[in-house]
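Participant: sharing a model prediction with you, sequence too.
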Amino acid sequence: DKAGEARLFEIVDHLDAGRELIVDAAEVLRLARLNFAAGQRALSANAFQAAQAYFDIAVACLPEHAWKDHYALTLDLFRKRAQVRYLNAEYDASMADITVVRENARSALEKAEIFPLLTTELTMLGRNEEAVQAAADALALLGINVPFDALHQAVEDEIVPINAALSKRSIASLADLPEMTEPVYQVAMKILMPAHTAAYFGGKRELYGWFLAKMVNISLRYGCAPESPKGYASFGSILCSDYGEYHKGYEFARLAIHLAERYHDLGLKCRIVLIMVAFVNHWSRHVRESEQYEDPGIQAGIEAGEFQFVSYLLMWGKVINRFFRGSNLQQQLAVADESLLFTRKVKSHLTTDSILGARAVISCLTGGTSGTASFDLPDLTEADYLAQCEHHNSRSSLAFYHTIKAQALYLHGHFVEARQSNEIASDLADDIKSY
């Protein structure tokens, strides 16, 4: 009843305190359902630790043959616990739950639905190859095959129908597409969302473009899904960097921001803002214009538990953009240290590595290292930093670091060393393309 709903936490906490005394199987199962409900409510309030505690008790209350006798409850419970374990940065535990779901889900669609979370976690940990393969496996479950062996032509083939559609309508008019209703393609869009991020950070440029063009084509054919705006925004970044269509790319990003407001999805807003800030705005607008999006995007991401993209916004918006704008270096150091508190807490290796690289170069420029050609800090030598990036497979961090290191060396008059650093960055250019 309504009174019970209002006092859900109080009731569940009371029952949990004496759950060892509950022996009737039906009552134990009811307790599992109550803890699941409490966990969902805690999750919606961003109380992730409390949510996990409720989900843990719910799992403990499941009977031996829960997957057979109470399939829907068990599936939902393991999905939610995997999600909240991820939000608590307990990646191994989350992936263990994901494995349980993959092994027990009955349909291909239900198996595929857990893969977006797995792909996101693997990307957070810098395991981009595994993340891309996980996404490809999931898409194959839905009958969509990733063309690893013929990507260049596959990308061009996906772009042809997009251009054909846009010859008859404006980019802004895509906001009028009907809502997507086909379940297979709704799940496909959820898989493609983290898949293109993994491809980007894995240096798989053509695959990145194929994932994005596929998202746009699915949206054009089957209607708009919550993930469509992110696909539009990132496809816009490809148009800017790879095709030189700066106005069209900006229009796609603006469309995405407009649609994000329509969906009232804070996580989506955070992701789209990241694309505008990092990959689109600077091609046709002054980089300072991107600052109007940063704080609203970060706040939206924090409220939505979208910690991966909050980390990216801190890295690109608060650190990288500020460096290239020539903002006050002491202020940049303070912002970098503040940003590191967050990225380290959520165990985002790539963003942490990028910010640490910026910190070392800025310290060199401000006299905080032992010499003008030194990038050693008291808490992290350059050799240890480079080894850390290699261990985390943070190739884009290395590309950024060697780019700005070359600038610092040049400014200090170390021209040979600057060229050497720039050559290393050039070899990694595909890992930061679009920026």
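Facilitator: Looks like it came in fine. Numbering: from 1, shown residues only.

Participant: tell me the contacts of the closest residue to Asn145 other than its chain neighbours?
Facilitator: Spatially, and ignoring its direct neighbours in sequence, Asn145 is nearest to Leu139 (7.3 Å; C-beta to C-beta, 6 or more residues apart in numbering). No exception for glycine: its C-beta is placed from N, CA and C like everyone else's. Contacts here follow C-beta atoms under 8 Å, 6 or more residues apart in numbering; on that basis Leu139 touches 112, 145-146, 188, 191-192, 195.

Participant: low-scoring stretches of the protein, by residue?
Facilitator: Residue ranges of the chain with pLDDT under 70: 1-6, 434.

Participant: quick one: buried residues of stretch 285-293?
Facilitator: Residues of stretch 285-293 classed as buried: 290-291, 293 (neighbour count, 16 or more other C-beta atoms under 10 Å).

Participant: meant to ask about stretch 172-179
Facilitator: Buried residues in stretch 172-179, defined by neighbour count with 16+ other C-beta under 10 Å: 174-175, 177.

Participant: which non-adjacent residue is nearest Lys111?
Facilitator: Nearest to Lys111 is Ala105, by C-beta to C-beta, 6+ apart, at 4.4 Å.

Participant: and that neighbour, how many neighbours?
Facilitator: 20 (other C-beta atoms under 10 Å).

Participant: closest to Asp353 out of the buried residues of stretch 285-293?
Facilitator: Ser290 (22.1 Å; C-beta to C-beta).

Participant: quick check: that closest one vs Glu20, distance?
Facilitator: Distance of Ser290 to Glu20, given as C-beta to C-beta, to the nearest Å: 56 Å.

Participant: equivalent analysis for Ile302, please.
Facilitator: In this view, Ile302 and Glu20 are 38 Å apart by C-beta to C-beta.

Participant: which of these two has more neighbours?
Facilitator: Set side by side, Ile302 and Glu20 show more neighbours around Ile302, with 15 against 7, by other C-beta under 10 Å.

Participant: and the helices in the stretch 301-435 of the chain, which stretches?
Facilitator: Remark: helices assigned in the stretch 301-435 of the chain by DSSP state H, counting those that start in this stretch are 307-313, 321-325, 329-345, 349-365, 382-392, 395-411, 415-427.

Participant: any buried residues in the shortest one, and which?
Facilitator: Residues of helix 321-325 classed as buried under the neighbour-count rule (16+ other C-beta under 10 Å) are 321-323.

Participant: likewise the fourth one?
Facilitator: Within helix 349-365, the residues scored as buried using 16+ other C-beta under 10 Å are 349-365.

Participant: kindly report the same for the first one.
Facilitator: Using 16+ other C-beta under 10 Å as the burial criterion, the residues of helix 307-313 that qualify are 307-313.

Participant: what packs against that helix?
Facilitator: If you count contacts as 3 or more C-beta pairs under 8 Å, 6 or more residues apart in numbering; DSSP states H and E, helix 307-313 packs onto helix 115-124, helix 266-275, helix 291-304, helix 329-345, helix 349-365.

Participant: nearest to Pro226, out of those helices?
Facilitator: The nearest among the helices and strands packed on helix 307-313, by C-beta to C-beta, is helix 266-275 at 6.0 Å.

Participant: helices or strands up against that closest one?
Facilitator: In terms of contacts (3+ C-beta pairs under 8 Å, 6+ apart), helix 266-275 is packed against helix 228-243, helix 246-263, helix 291-304, helix 307-313.

Participant: export those helices as TSV, with columns for distance to His391.
Facilitator: Putting those into TSV (distance: least, C-beta to C-beta, whole Å) gives the following:
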stretch	distance to His391
helix 228-243	28
helix 246-263	34
helix 291-304	27
helix 307-313	18
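
Participant: between those, which one is closest to Gln49.
Facilitator: helix 307-313 (14.4 Å).

Participant: other residues contacting the closest one?
Facilitator: Contacts for helix 307-313 (C-beta under 8 Å, 6+ apart): 87, 120, 123-124, 197, 267, 270-271, 273-274, 277-278, 294, 297-298, 301-302, 342-343, 346, 348, 351-352.

Participant: counting neighbours, which of the residues you listed end up buried?
Facilitator: For the contacts of helix 307-313, buried by 16+ other C-beta under 10 Å: 87, 120, 123-124, 197, 267, 270-271, 273-274, 277-278, 294, 297-298, 301, 342-343, 346, 348, 351-352.

Participant: Leu73 contacts Leu34, correct?
Facilitator: No. With contacts defined as C-beta atoms under 8 Å, Leu73 does not count as touching Leu34, sitting 11.6 Å away.

Participant: how about the contacts made by Tyr410?
Facilitator: Tyr410 neighbours (C-beta under 8 Å, 6+ apart): Ala418.

Participant: related to what we said a few turns ago, now for the helices and strands packed on helix 307-313, which one comes closest to Ile162?
Facilitator: Using C-beta to C-beta, the nearest of the helices and strands packed on helix 307-313 to Ile162 is helix 266-275, at 17.3 Å.

Participant: quick one on the thing from earlier: from the buried residues of stretch 172-179, pick the one nearest Tyr435.
Facilitator: Nearest to Tyr435 among those, with distances taken as C-beta to C-beta, is Leu174, at 25.1 Å.

Participant: that older thread, which one's more surrounded, Leu73 and Leu34?
Facilitator: Leu34 (20 against 17).

Participant: ok, now how distant is the more buried one from His258?
Facilitator: For Leu34, the distance to His258 - C-beta to C-beta - is 41 Å.

Participant: kindly report the same for Asp92.
Facilitator: Distance from Asp92 to His258, by C-beta to C-beta: 39 Å.

Participant: between those two, who's got more neighbours?
Facilitator: His258 (15 against 9).

Participant: excluding its backbone neighbours, what's nearest the more buried one?
Facilitator: Leaving aside its sequence neighbours, His258 sits nearest to Ala175 (C-beta to C-beta, 6+ apart; 6.0 Å).

Participant: residues touching the one you found, list them.
Facilitator: 224, 255, 258-259, 262.

Participant: where does it fall, phi/psi-wise?
Facilitator: Backbone torsions for Ala175, taken as degrees, to the nearest 10, come to phi -60, psi -20.

Participant: cool, Asn328 as well?
Facilitator: The phi/psi pair for Asn328 (degrees, to the nearest 10) is phi -50, psi 130.
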